[in-house]
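Asker: Have a look at this prediction, sequence included:
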Amino acid sequence: MAFGDLFLHLLTCHLTLLSDDFGSDDFCSVVFDGFLLTSFSSKENVHRHTLRMLLHLHHKVLPSYMDTLLKTLEPPKQCSDSLRELYTQLTEKLESQKKSPPPSDEPPPLDLGLHPVGVPPPTPL
């Protein structure tokens, strides 16, 4: 029952609400090593739910842990196309994240591109 689609869907949805906690090695270890990765190789639905969750949380997971997960979650040769597609989406997101410049700590300028407009003189009554 713990690895049924309904439970996994609810679990991964609730885990996405704890996105900041994925920056902790201990939290990742409990979620992935202690639960999800214990049966992902024998149950494709666990593999699929894990990849879907990582598509939303990849930027919050520690980079060193994310590298390990990416190697571990590589789809086997005999798997569904949807699983292969999810893995490809995740790797593409990670590659685009590496290529884009890191976010700057300084706020962006507030130039909104608005041009000054003159105010017409009041009309006499």
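Answerer: Sure, I can see it.
Asker: Show me where the protein has its strands.
Answerer: With DSSP state E as the criterion, the chain has no strands.
Asker: Could you identify the longest helix within the chain?
Answerer: For the chain, the helix that runs over the most residues, judged by DSSP state H, is helix 81-99.
Asker: can you pull the buried residues of stretch 66-84?
Answerer: Using 16 or more other C-beta atoms under 10 Å as the test for burial, stretch 66-84 gives 66, 68-69, 73, 75, 83. For glycine as for every other residue, the C-beta is placed from the backbone atoms N, C-alpha and C.
Asker: Could you list the residues in contact with that stretch?
Answerer: Contacting residues not belonging to stretch 66-84 are listed as 32, 37, 40-41, 44, 47-48, 50-51, 54, 58, 61, 87, 90-91, 94 [C-beta atoms under 8 Å, 6 or more residues apart in numbering].
Asker: so how far does it reach from one end to the other?
Answerer: Start-to-end span of stretch 66-84 (C-alpha to C-alpha, to the nearest Å) is 18 Å.
Asker: Just the buried residues out of the contacts of stretch 66-84, in PyMOL syntax.
Answerer: Buried residues among the contacts of stretch 66-84 (16+ other C-beta under 10 Å), as a PyMOL selection:
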select buried, resi 32+37+40+47+48+50+51+54+58+61+87+90+94
